[in-house]
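K.L.:
Let me see the structure of the following:
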Amino acid sequence: MHREIISETEAAEEQAEHERGARHRHRAAFPTDAAPRKPGLTGSAAVLRPVITVLTVGLMFVSVFLAAFHTPKAHRLPVAVVASDANAALFDVKLQRTAPDAFQVERYSDATAARSAVEHRKVYAAYLQAGSAPRVLYAGANGLAVQALVAPLGHTQLGADGSKVHVQDIVPLAPGDNRGLSVFYASFGLVLAGFLFGQMTYQVAPRLPFGQRMGSLTLFAVAGGLATALIAGSAFGAIPGPVLGIAGIVALMSGAVAAATVLLIRLFGPLGVPLGSIFMLVMGNATSGGVLPPSFLPGWLQPMASVMPPGVGVRALNGLAYFHNDGVESGLITLSAWVVLCVGTILGLDRLAAAPAILHFAHRDASAFR
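P.N.:
Predicted structure coming up:
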């Protein structure tokens, strides 16, 4: 009887130890969680850290946007020319006198090819000198800045009979978007929402499992894309094009921003929030080409327009709406790559944190402080 009581006691102790170990593993293995919350700051750190962090983000915004837009200048906008060698050379000389380095003349064989180049956003305007009726064609859907630059081109040229050249907008903006800013506003709204999602998902649910967190991200992106397409396209008529196509691009763009923000917070903890705002909101939106095409940006900012999610998303939306899907394929590939790389890295970090060796060291370190 005594031996049985001892055996039962030992079994109970082993069961209790097993339960404690299971609870510890559950606590230690939180690869999908944010870092444990630290006690609130006090003293000078509590006073200075918010000031430094917020001012850094704000001054970055001021600096980047002023650098991009305080004196915007076009840099070698391609212009198609269909004319004789002598007339093409004369046209080029007049362009350089009017706006040095703003345009780059590209010769085309016929008016049909030049018109197609404008419609597919390969060039920003086309100068056609066919007989006695020269014309300048341009795409108003490129925005007011481009319109203001290329529309006067015809007024500086003279036809064979001395008359002014006819100027024609062959890709006008949608009736619900007479200033050409709707794509930018719609994109900025979902980019901002993606950043806020990445921030809030760790604030409200720091221990949410990876699968559920990614399910939440997917739901956010899909719902946001559909809602934006319906509001901007159907309700206001501001972005023409297929609803599902617009929804898909916006979903990928907002999902890419959200996934990148989640990754930054996963890597750097609270520091990931200002980092996400600087890279995704400030740098991304400044180089998106929504206010001005990338060709108007300073040289050091232009490459980011083809890499950052807002830039490739805005180009893809404009291409889908106006320019025969120009930029759609490359945009889908780039945005998908952002999502896959960010989500894959988060999954890798979670699995690494859950590895037995990591748990062993976490258990040993925790025991050392008992």
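K.L.:
Please count neighbours and contacts with C-alpha atoms only from this point.
P.N.:
Will do.
K.L.:
where exactly do the helices run in the stretch 201-350 of the chain?
P.N.:
Assigned by DSSP state H, counting those that start in this stretch, the helices in the stretch 201-350 of the chain fall at 210-229, 243-268, 272-276, 284-286, 309-321, 328-353.
K.L.:
I'd like the average pLDDT over the fourth one.
P.N.:
It refers to helix 284-286. For helix 284-286, mean pLDDT rounds to 89.
K.L.:
from now on call the first residue 630
P.N.:
Got it, first residue is 630 now, which makes that one helix 913-915.
K.L.:
and it, how far out from the chain's middle?
P.N.:
Mean-position distance between helix 913-915 and its chain equals 7 Å (C-alpha atoms, centre = their mean, to the nearest Å).
K.L.:
Which elements pack onto it?
P.N.:
helix 672-698, helix 938-950 (3 or more C-alpha pairs under 8 Å, 6 or more residues apart in numbering; DSSP states H and E).
K.L.:
if we can go back for a sec, for the helices of the stretch 830-979 of the chain, which has the smallest mean pLDDT value?
P.N.:
Among these, helix 913-915 scores lowest, at a mean of 89.
K.L.:
residue contacts, the closest residue to V957 other than its chain neighbours?
P.N.:
Among residues not flanking V957 along the chain, A945 sits closest, at 4.3 Å (C-alpha to C-alpha, 6 or more residues apart in numbering). Applying C-alpha atoms under 8 Å, 6 or more residues apart in numbering to A945 gives the contacts 878, 954-961.
K.L.:
ranking those by neighbours, who comes first?
P.N.:
In terms of neighbour count, I878 stands highest of those at 28 neighbours, by other C-alpha atoms under 10 Å.
K.L.:
what number of residues lie near the spatially closest residue to it that is not a sequence neighbour?
P.N.:
The shortest distance from I878 to any non-neighbouring residue, by C-alpha to C-alpha, 6+ apart, is to G942 (6.5 Å). Counted with other C-alpha under 10 Å, the neighbours of G942 add up to 35.
K.L.:
and what of the one 10 residues further on?
P.N.:
The local packing of F952 (other C-alpha under 10 Å) involves 24 other residues.
K.L.:
Ok, D730 next?
P.N.:
D730 has 14 neighbours, counted by other C-alpha under 10 Å.
K.L.:
got it, and T682?
P.N.:
14.
K.L.:
before we move on, what about the one 3 residues further on?
P.N.:
For T685, the count of nearby residues is 15 (other C-alpha under 10 Å).
K.L.:
what does the one 4 residues further on give?
P.N.:
When neighbours are counted by other C-alpha under 10 Å, M689 registers 17.
K.L.:
roughly how far apart are it and L677?
P.N.:
Per C-alpha to C-alpha, to the nearest Å, M689 is found 18 Å from L677.
K.L.:
repeat for G862
P.N.:
From G862 across to L677, the span is 45 Å (C-alpha to C-alpha).
K.L.:
of those two, who's got more company?
P.N.:
Neighbour count, other C-alpha under 10 Å: between G862 and L677, G862 has more, with 21 against 10.
K.L.:
Isn't that one up against G870?
P.N.:
Yes: under the criterion of C-alpha atoms under 8 Å, G862 makes contact with G870 at 7.4 Å.
K.L.:
sorry, back to before: could you identify which of the helices of the stretch 830-979 of the chain is most buried?
P.N.:
The highest mean neighbour count among the helices of the stretch 830-979 of the chain, using mean count of other C-alpha atoms under 10 Å, belongs to helix 938-950: a mean of 28.
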